[in-house]
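**Q** what shape does this take:
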Amino acid sequence: MESIQKDSSTLVVALGGNLPRATGKSPAAPDCSATLVAALDALVARGYRLRAVSRFFRSPAFPAGSGPDYVNACALLETTETRPEAVLAALHAVEAAHGRVRSTRWAARSLDLDLLDAGGRILPDAATHARWRDLPLADQKTRTPDRLILPHPRLADRAFVLIPLADIAPNWRHPVSGKTVMQMLSTLPQAEKAAIVPI
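**A** Predicted coordinates:
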């Protein structure tokens, strides 16, 4: 999968959830893995092509103590959509269809779909990306950008993103730092990485 960043049609998406879904069409599913599978199916139904999906991992809620454990995964998708903002809108629509309610930042949720990368683009620009990437933790809890930031500004800090991503694209390089997934993982605390376990 080393060629993914040379391909503007390839998306890197993180998936997660730690609450049962409530779609109104079936009883709530106690296993969040089912929600992630359903989300991938919904994206395929919208015309996205599933190129690869990681194993599913159980991860402690972030920040610590904020809810039940998550189920996390990463996927590579292909699309003919050239506007990353339209991709983000599609991800949000799939979240909403699976019971996601956006309220408190970092609250428990039935489904979380994060666009990590879209063909190596840096959006809206390198300076804005750096400002959000370097935002102090206290501000991260209360502030959200008013536009799409790519690559996802927090991805290098999160084992629950990098470990699933290493499953399918270990040599993917961060468009800003140039570091591979494995290089980014090597800088994270061992205890944090050990807490992410395959299901």
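
**Q** so who does V44 touch?
**A** Remark: with contacts taken as Cβ atoms under 8 Å, 6 or more residues apart in numbering, V44 is in contact with L50. No exception for glycine: its C-beta is placed from N, CA and C like everyone else's.

**Q** wait, isn't L40 in contact with R51?
**A** No - counting by Cβ atoms under 8 Å, L40 stays clear of R51, with 11.2 Å between them.

**Q** what residues do those two have in common as contacts?
**A** A75.

**Q** the nearest residue to S59 once chain neighbours are set aside: how many residues sit nearby?
**A** In this structure, S59 finds its nearest non-sequential neighbour in F160, 3.9 Å apart by Cβ to Cβ, 6 or more residues apart in numbering. When neighbours are defined as other Cβ atoms under 10 Å, F160 has 24 of them.

**Q** quick check: F160 vs G119, distance?
**A** F160 is 23 Å from G119, where distance means Cβ to Cβ, to the nearest Å.

**Q** for this structure, what spans make up the strands?
**A** 10-17, 49-53, 57-59, 70-78, 112-118, 197-198 (DSSP state E).

**Q** so which of those strands comes closest to L91?
**A** Nearest to L91, of all the strands of the chain, is strand 112-118, at 4.0 Å by Cβ to Cβ.

**Q** and the closest one, how far from the chain's centre?
**A** 4 Å (Cα atoms, centre = their mean, to the nearest Å).

**Q** now the angle from it to strand 70-78?
**A** When axes from the mean of the first three to the mean of the last three Cα atoms, to 10 degrees is applied, the directions of strand 112-118 and strand 70-78 differ by 40 degrees.

**Q** now strand 112-118: mean pLDDT?
**A** Averaging pLDDT along strand 112-118 yields 95.

**Q** what does stretch 68-80 give?
**A** For stretch 68-80, mean pLDDT rounds to 94.

**Q** could you do stretch 126-136 as well?
**A** Per-residue scores along stretch 126-136 average to 85.

**Q** neighbouring contacts of it?
**A** For stretch 126-136, the external contacting residues (Cβ under 8 Å, 6+ apart) are 122-123, 143, 145, 149-151, 153-154, 156, 176.
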